[in-house]
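# Have a look at this fold, sequence not included:
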């Protein structure tokens, strides 16, 4: 239900009226039906109309609000005074005798058909979470039309259930029960309408994200004292000539051949997104921190005293200053070279405290590992030395692989210089610099020099520095200005950063953020925004299970729900007509359990009955 304002001109006079309207399903598609007139005076501020209509709708369905609402009670009284509320009879049913639906008729069992089976379960769950997060209301506050809101929900549910390109999305929307669930006709929908919807949605992304953050904070009672920030890359198919943000850079997707953008994401400790930004594909990680903090403040407001957690790529002195300048605390992983100051402490077997790293509830396949920590106070900072058994082998393998690649590239560069294919000294030094930048982990313990007179590139291993690096395999250091945290508390807060990594993995699969096929900058940004919206739904669903001690994933739930469908049952009667019933299948035990855990209705849609002549 919703409230509509109408204006009519009669003989030069203007008449204003407000109507309570509902959308009903008919054989010819959804139609609007006026329930009652509310008069010329507006029933409260316009931004409250949708919420008011929903309260009236719930009351008419026998589910009144727990807290009294005088405006809703007034509208409800008007509905009852004007004849009450009743479900409309199905249109297009043709002439029939009174009580036909309840009459005893003979059915030709050989002619019974089940048609138009459509998957409903996953989209039903997504739609219910969309309503719980008040996303339709949020989009309305952003000034978006009803059609834009409907298409935005359909596109977001596609990313949640079965991500496809805008070209393939209309067919998917018609193959599932979205028309039944949303009471919207999508028969003529095409990809051009979806592209235009991206354009309409783009300017409102920040406002929507801000309002959604506020709704989730209240709804789930979320902690707002720690923010986790990290980056990932997302690559393109094609040249992307019209997207200035599409650049080649360090690819987390192992696709250095493709242009990319960087996606920065801030989460709270429960894994809910607070802000995201899209950056140029070649921007260095530490150059994004200040811009991301600006975006965070616009989404959440100024919150002094919060702790910002970032990885070593954003732990430069300038980054720490940017965080402190906003009266925030920081907790960061120190850069590799800073560990060397504590080599003797790492080698000293005294003073270590053991903590057990348990698998994340969102990643139960993760193995347990032992970590030893040691707390040191250094001027105004607390330094936490960490030794990880599991990380030791990983560090060694990464270092050896990078060293092998560095030496291979150095030999290739050496051969180019020796053969005369590369003679410009500036370009030679530029090539050396690129290699050092590409392999920072291992380049620092190799002495690389170019002799312009002999036109010779030489490189040799710095044995002392390499031995020092080997001793630090499995070792890392954390830094924070929070003096009130114990060693274990510092380590546990930093480990929350893995939730951003989990979010990125989820957005890339199963939400299929990559590869991106859009070439326009605004559509790329909105595509990523839709993935973030879908992730809001996903994390809300998974949190409902985690809060009940159930460790599962949306991928598992999505598969289990796929067998809950909507179908059309055709019952041929002995009077020359057939009764068509559009309804959901009876939910199975696993479906009921999922719906019960999520506290959402098991009813996907209200059945629609239509009488048609057999010739139809």
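In hand now; what should we look at? Small disclaimer: the values here were computed from a predicted structure and weren't measured.

# show me the biggest helix of this structure in terms of residues.
helix 389-418 (DSSP state H).

# From the contact counts, what lies against the helix or strand harbouring residue 264?
For residue 264, the host element (DSSP states H and E) is strand 260-267. Packing partners of strand 260-267 (3 or more Cβ pairs under 8 Å, 6 or more residues apart in numbering; DSSP states H and E): strand 226-235, strand 273-280, helix 289-300, helix 498-508, helix 521-546. C-beta: built from backbone N, CA, C; applies to glycine.

# ok, back up a step: show me which residues of the longest helix of the chain are buried.
391, 395, 399, 402, 403, 406, 410, 413, 414, 417 (16 or more other Cβ atoms under 10 Å).

# Dump those to a markdown table, plus pLDDT.
Supplementary listing: the buried residues of helix 389-418 in a markdown table, determined by pLDDT from 0 to 100:
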| residue | pLDDT |
| --- | --- |
| 391 | 79 |
| 395 | 80 |
| 399 | 85 |
| 402 | 89 |
| 403 | 90 |
| 406 | 92 |
| 410 | 93 |
| 413 | 93 |
| 414 | 92 |
| 417 | 91 |
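
# Out of the residues you listed, flag the one nearest to residue 251.
residue 402 (15.3 Å; Cβ to Cβ).

# Please list the outside residues in contact with the lowest-mean-pLDDT helix or strand in the chain.
When the helices and strands of the chain are scored by mean pLDDT, DSSP states H and E, helix 70-81 comes last with a mean of 78. If you take Cβ atoms under 8 Å, 6 or more residues apart in numbering as the criterion, helix 70-81 is touched by 20, 35-38, 43-44, 52, 55-56, 59-60, 65, 85.

# what stretches of the chain score poorly on pLDDT?
For the chain, the stretches with pLDDT under 70 are 26-29, 61-68, 82-105, 358-368, 615-616.

# Let me see the domain layout of it.
2-81, 144-311+497-544, 330-482 (automatic domain parsing).

# so of these, which one's packed in deepest?
domain 144-311+497-544 (a mean of 19; mean count of other Cβ atoms under 10 Å).

# who's in contact with residue 598?
125, 128, 129, 541, 544.

# no no, residue 441
Taking Cβ under 8 Å, 6+ apart, one finds 336, 398, 399, 402 in contact with residue 441.

# Residue 106: which of those residues is nearest?
Taking those together and measuring to residue 106 by Cβ to Cβ, the closest member is residue 398, at 75.4 Å.

# Spatially nearest residue to residue 410 (excluding sequence neighbours)?
Leaving aside its chain neighbours, residue 410 sits nearest to residue 459 (5.1 Å; criterion: Cβ to Cβ, 6 or more residues apart in numbering).

# Now do the SS call for the one you found.
Three-state assignment for residue 459 (DSSP: H, G, I helix; E, B strand; the rest coil): strand.

# Quick check: the gap between it and residue 414.
8 Å (Cβ to Cβ, to the nearest Å).

# What of residue 482?
Taken as Cβ to Cβ, the span from residue 482 to residue 414 is 48 Å.

# following the helix or strand harbouring residue 356, which helix or strand comes up?
Per DSSP H and E: residue 356 is located in strand 353-357. Going down the chain from strand 353-357, the next helix or strand is strand 369-378, by DSSP H and E.

# ok, residues contacting that next one?
Here strand 369-378 has contacts from 342, 345, 351-357, 382-391, 483, 486-488, 490-491, using Cβ under 8 Å, 6+ apart.

# Give the pairing partners of that strand; include direction for each.
strand 353-357 (antiparallel), strand 381-388 (antiparallel) (DSSP bridges).

# relative to helix 498-508, how tilted is the first one?
What that stands for is strand 353-357. Angle, strand 353-357 to helix 498-508, by axes from the mean of the first three to the mean of the last three Cα atoms, to 10 degrees: 20 degrees.

# Please apply the same query to the last one.
For strand 381-388 and helix 498-508, the angle between their directions (the same axes, to 10 degrees) works out to 60 degrees.

# got a list of contacts for strand 381-388?
Residues contacting strand 381-388 (Cβ under 8 Å, 6+ apart): 334, 342, 345-346, 352, 357, 369-377, 474-483, 485, 487, 490-491.

# again, but for stretch 14-22
In contact with stretch 14-22 (Cβ under 8 Å, 6+ apart) are residues 1-9, 32-43, 53, 56-57, 75, 78-79.

# Thought residue 197 was touching residue 523, still the case?
No - look at residue 523 against residue 197 with Cβ atoms under 8 Å: they stay out of range, at 10.3 Å.

# Just give the nearest non-adjacent residue to residue 6, would you?
The nearest residue in space to residue 6 (Cβ to Cβ, 6+ apart) is residue 17, at 5.0 Å.

# any idea how far that neighbour is from residue 307?
54 Å.

# now residue 258, nearest residue through space, not along the chain?
Nearest non-adjacent residue to residue 258 (Cβ to Cβ, 6+ apart): residue 235, at 4.1 Å.

# what's across from the one you found in the sheet?
residue 260.

# ok, now which ones touch it?
251, 253, 255, 258, 259, 260, 514, 515, 516.

# change it to 7 Å
By Cβ atoms under 7 Å, 6 or more residues apart in numbering, the contact list for residue 235 reads 251, 253, 255, 258, 259, 260, 514, 515.

# Distance from stretch 393-405 to the middle of the chain?
33 Å (Cα atoms, centre = their mean, to the nearest Å).

# now stretch 521-530
Worked out by Cα atoms, centre = their mean, stretch 521-530 lies 12 Å from the chain centre.

# neighbouring contacts of that stretch?
Under the contact criterion Cβ under 7 Å, 6+ apart, stretch 521-530 has outside partners 155-156, 159, 198-199, 201-202, 205, 243-245, 261, 263, 278, 513, 516, 518.

# And residue 496, its phi and psi?
phi -60, psi -20 (degrees, to the nearest 10).

# Next one: it from residue 237, what distance?
For residue 496 relative to residue 237 (Cβ to Cβ), the value is 34 Å.

# try residue 614
From residue 614 to residue 237 the distance is 51 Å (Cβ to Cβ).

# can you tell me the distance between the two ends of stretch 217-227?
Stretch 217-227 stretches 13 Å from its first residue to its last (Cα to Cα, to the nearest Å).

# Also stretch 193-213?
Span of stretch 193-213 from end to end, Cα to Cα: 28 Å.

# Sticking with residue 518, tell me its helix or strand.
Here residue 518 is assigned to no helix or strand, by DSSP H and E.

# My error: substitute residue 242 in the last question.
Here residue 242 is assigned to no helix or strand, by DSSP H and E.

# Please list all residues in contact with it.
Contacts of residue 242 (Cβ under 7 Å, 6+ apart): 519, 520.

# Mind doing that once more with 8 Å?
So, once contact is read as Cβ under 8 Å, 6+ apart, residue 242 ends up touching 519, 520, 521.

# helix, strand or coil for residue 581?
On the basis of three-state DSSP, residue 581 is classed as strand.

# gap between it and residue 179?
Counting by Cβ to Cβ, the gap from residue 581 to residue 179 is 16 Å.

# likewise residue 279?
38 Å.

# Equivalent analysis for residue 208, please.
Residue 208 is 25 Å from residue 179, by Cβ to Cβ.

# Kindly report the same for residue 134.
23 Å.

# go on, residue 204?
Distance from residue 204 to residue 179, by Cβ to Cβ: 25 Å.

# swap in residue 588?
23 Å.

# Likewise for residue 257?
Distance from residue 257 to residue 179, by Cβ to Cβ: 41 Å.
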